[in-house]
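Participant: Coordinates for the following, if possible.
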Amino acid sequence: MELCGEKHTSISKIIPLRKMVLAYYETINPPDERGSALKNILLRNFEKRFKDVEYVHELGIATLIDPRFKKKGELN
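Facilitator: Numbering: from 1, shown residues only. Down below sits the predicted model:
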């Protein structure tokens, strides 16, 4: 929803959104083994695809200079 609500999406949102998604999945407590297995598969695939985004120099610079994240302190 965050990305779809904008006419033009900025790369500066990649790192904060990755952190938000991981934080959200940490709060999920599946009711059974199938739910736990699904959660683990989703987390594993998400991490596989986005594990190194914090080390991409251009993404870090874009996030640091975006005033939306400076004021809110979302990089802590």
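Participant: Pull the residues that contact the host helix or strand of residue 39.
Facilitator: Following DSSP states H and E, one finds residue 39 within helix 33-50. If you take C-beta atoms under 8 Å, 6 or more residues apart in numbering as the criterion, helix 33-50 is touched by 14, 18, 21-22, 25, 28, 30. C-beta coordinates here come from the backbone N, C-alpha and C atoms, glycine included.
Participant: how about 7 Å then?
Facilitator: 18, 21, 25, 28, 30 (C-beta atoms under 7 Å, 6 or more residues apart in numbering).
Participant: Just the buried ones among these, please.
Facilitator: Among the contacts of helix 33-50, those buried by neighbour count (16 or more other C-beta atoms under 10 Å) are residue 18.
Participant: Quickly name whichever of the contacts of helix 33-50 is closest to residue 67.
Facilitator: residue 18 (19.8 Å; C-beta to C-beta).
Participant: Now do the phi/psi pair for the residue positioned nearest the centre of the chain.
Facilitator: For the chain, the residue nearest the mean C-alpha position is residue 18 (1.1 Å; C-alpha atoms, centre = their mean). When read as degrees, to the nearest 10, the backbone of residue 18 gives phi -60, psi -40.
Participant: I'd say it and residue 52 touch.
Facilitator: No. The pair residue 18 / residue 52 is not scored as a contact, 10.4 Å apart, by C-beta atoms under 7 Å.
Participant: Now do the contacts for the residue nearest to residue 65 when sequence neighbours are not counted.
Facilitator: In space, and not counting its chain neighbours, residue 65 is closest to residue 12: 7.5 Å by C-beta to C-beta, 6 or more residues apart in numbering. By C-beta under 7 Å, 6+ apart, the residues touching residue 12 are 62-63, 66, 69.
Participant: And residue 12, how far from residue 53?
Facilitator: 12 Å (C-beta to C-beta, to the nearest Å).
Participant: Could you report the distance from the residue nearest to the centre of the chain to residue 41?
Facilitator: 18 Å.
Participant: Low-confidence stretches in the protein?
Facilitator: Residue ranges of the chain with pLDDT under 70: 1-3, 5, 70-76.
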